[in-house]
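Asker: Just the structure for this:
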Amino acid sequence: MPELPEVETVRRGLAPVLEGAVIATARVNRPDLRWPFPERMAERLTGARVERLRRRSKYILADLSTGETLIIHLGMSGRMIVSAGDAARAVPGVFHHAHPAPEKHDHVVLDTEAGARITFNDARRFGAMDLSPTDQVDAHWLLGGLGPEPLGNAFHEDHLAMAFAGKRTPVKAALLDQRIVAGLGNIYVCEALYRSGISPLRHAGRISRPRITRLVGDIRTVLAEAIEAGGSSLRDYRQADGDLGYFQHSFRVYGREDDPCQTPDCRGVIRRKVQSGRSSFYCPICQR
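Answerer: Numbering: from 1, shown residues only. From the prediction side, this is the model:
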């Protein structure tokens, strides 16, 4: 499932096309994905201007001129595909890909007045869309219990130290708890813990304050590097322009079971351990 860097990369790809654009027509080709679409969704989107495109955790939020916000979740295989008709493609540097032929799994299609088309394609149908009043979106059932953004000012060592205090939960599970920090997923938690030298098996409450401080910095760095690389493409993920992300080529530990540890002078070998149904990759020598 796309994690924070992948969702942020998609948001950035959509922003030049959607922010400030008016949705001329909206088509909804099925009644539901993971959950039912909201009533009259196509009607409520048609004619609306996208005032702002932002991200919260792993969700893309499009604030509309109608006072509603479109909530988009990519799920396991959801893709937002940007294309343009002949008139729009004549604008140099703005549009590139022509409208592709309709596909079986094109579930929601938005055409803007400028000629761009945004298609939500989701083969596995684990994605979702919903509409919420903008002034109430932070309390939406998908968003209301989320912790701070790991790249935001509210995520710092004081917050994490307080969240970890007394916890016997493994730190890997604690960081995946969206109530503690929003948007982190399996890949980037593995990578951040490796850089911090912290075992994913260690109890969160037994991590010292200096190590928590370092962990906060390493989480930020890993996410920033992944966003810069366009995210990680492991199976279904594509950017909005159809390109692959490249951060998977920079993995230091994730998916590297039985490889030598990359820490200088460490003779360890990367191990994989299943925690709560997810694979943790770590070096048993330099991660303690």
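
Asker: next helix or strand past the helix or strand of the chain with the lowest mean pLDDT?
Answerer: The least trusted helix or strand in the chain, going by mean pLDDT, DSSP states H and E, turns out to be helix 86-89, with a mean of 46. Going down the chain from helix 86-89, the next helix or strand is strand 106-112, by DSSP states H and E.

Asker: can you give me the mean pLDDT across that following strand?
Answerer: The average pLDDT within strand 106-112 is 96.

Asker: ok, and what's touching it?
Answerer: Residues from elsewhere that reach strand 106-112, judged by C-beta atoms under 8 Å, 6 or more residues apart in numbering: 17-18, 21-30, 33, 37, 41, 45, 117-122, 125, 127, 129. Heads up, the C-betas are built off the backbone N, CA and C, glycines and all.

Asker: report the longest helix in the chain, please.
Answerer: With residue count as the measure and DSSP state H as the assignment, the chain has helix 209-228 as its longest helix.

Asker: Give me the distance from it to the chain's centre.
Answerer: Centroid separation for helix 209-228 versus its chain: 16 Å, with C-alpha atoms, centre = their mean, to the nearest Å.

Asker: Report all helices and strands that that helix contacts.
Answerer: Judged by 3 or more C-beta pairs under 8 Å, 6 or more residues apart in numbering; DSSP states H and E, the packing partners of helix 209-228 are helix 4-18, helix 157-164, helix 186-196.

Asker: Ramachandran angles for Asp122?
Answerer: phi -150, psi 100 (degrees, to the nearest 10).

Asker: Tell me how many other residues crowd it.
Answerer: Close neighbours of Asp122, defined as other C-beta atoms under 10 Å, add up to 25.

Asker: still on that earlier bit, switch the helices and strands packed on helix 209-228 over to TSV; also include mean pLDDT and distance to Gln275.
Answerer: Listed next are these as TSV, based on pLDDT from 0 to 100; distance: least, C-beta to C-beta, whole Å:
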stretch	mean pLDDT	distance to Gln275
helix 4-18	90	20
helix 157-164	98	17
helix 186-196	95	9
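
Asker: how about the ones you listed in JSON lines, adding distance to Pro260 and mean neighbour count?
Answerer: Putting the helices and strands packed on helix 209-228 into JSON lines (distance: least, C-beta to C-beta, whole Å; neighbours: other C-beta atoms under 10 Å) gives the following:
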{"stretch": "helix 4-18", "distance to Pro260": "26", "mean neighbour count": "22"}
{"stretch": "helix 157-164", "distance to Pro260": "30", "mean neighbour count": "17"}
{"stretch": "helix 186-196", "distance to Pro260": "13", "mean neighbour count": "24"}
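
Asker: out of those helices, which comes closest to Arg52?
Answerer: Comparison of the helices and strands packed on helix 209-228 against Arg52 by C-beta to C-beta identifies helix 4-18 as nearest, at 9.2 Å.

Asker: so where's this structure uncertain?
Answerer: Per-residue confidence for the chain (pLDDT under 70) gives these ranges: 1, 85-103, 230-250.

Asker: Walk me through the domains of it.
Answerer: What automatic domain parsing lists as the domains of the chain is 4-139, 157-282.

Asker: returning to that earlier point: give me the buried subset of the contacts of strand 106-112.
Answerer: The neighbour count (16 or more other C-beta atoms under 10 Å) marks 17-18, 21, 23, 26, 28, 33, 37, 41, 45, 117-122, 125, 127, 129 as buried among the contacts of strand 106-112.

Asker: Restricted to helices, list those residues.
Answerer: Mapping those onto helices (DSSP H) picks out Val17, Leu18, Met41, Leu45.

Asker: which two from those residues end up farthest apart in space?
Answerer: Val17 and Met41, at 19.8 Å, using C-beta to C-beta across these.

Asker: Minimum distance to Arg209: which of the helices and strands packed on helix 209-228 has it?
Answerer: Set against Arg209 and scored by C-beta to C-beta, the helices and strands packed on helix 209-228 come closest in helix 157-164, at 5.9 Å.

Asker: Gly155 contacts Glu149, doesn't it?
Answerer: Let me fix one detail, which is that residue 155 is Phe and not Gly. Yes - with contacts counted by C-beta atoms under 8 Å, Phe155 reaches Glu149, the gap being 6.2 Å.

Asker: ok, the two, which is more surrounded?
Answerer: Of the pair Phe155 and Glu149, Phe155 is the one with more neighbours under other C-beta under 10 Å, namely 21 against 17.

Asker: how close does the closest residue to the more buried one other than its chain neighbours get to Gly127?
Answerer: The shortest distance from Phe155 to any residue that is not its chain neighbour, by C-beta to C-beta, 6 or more residues apart in numbering, is 4.4 Å, and that residue is Pro148. Going from Pro148 to Gly127 by C-beta to C-beta, to the nearest Å gives 25 Å.
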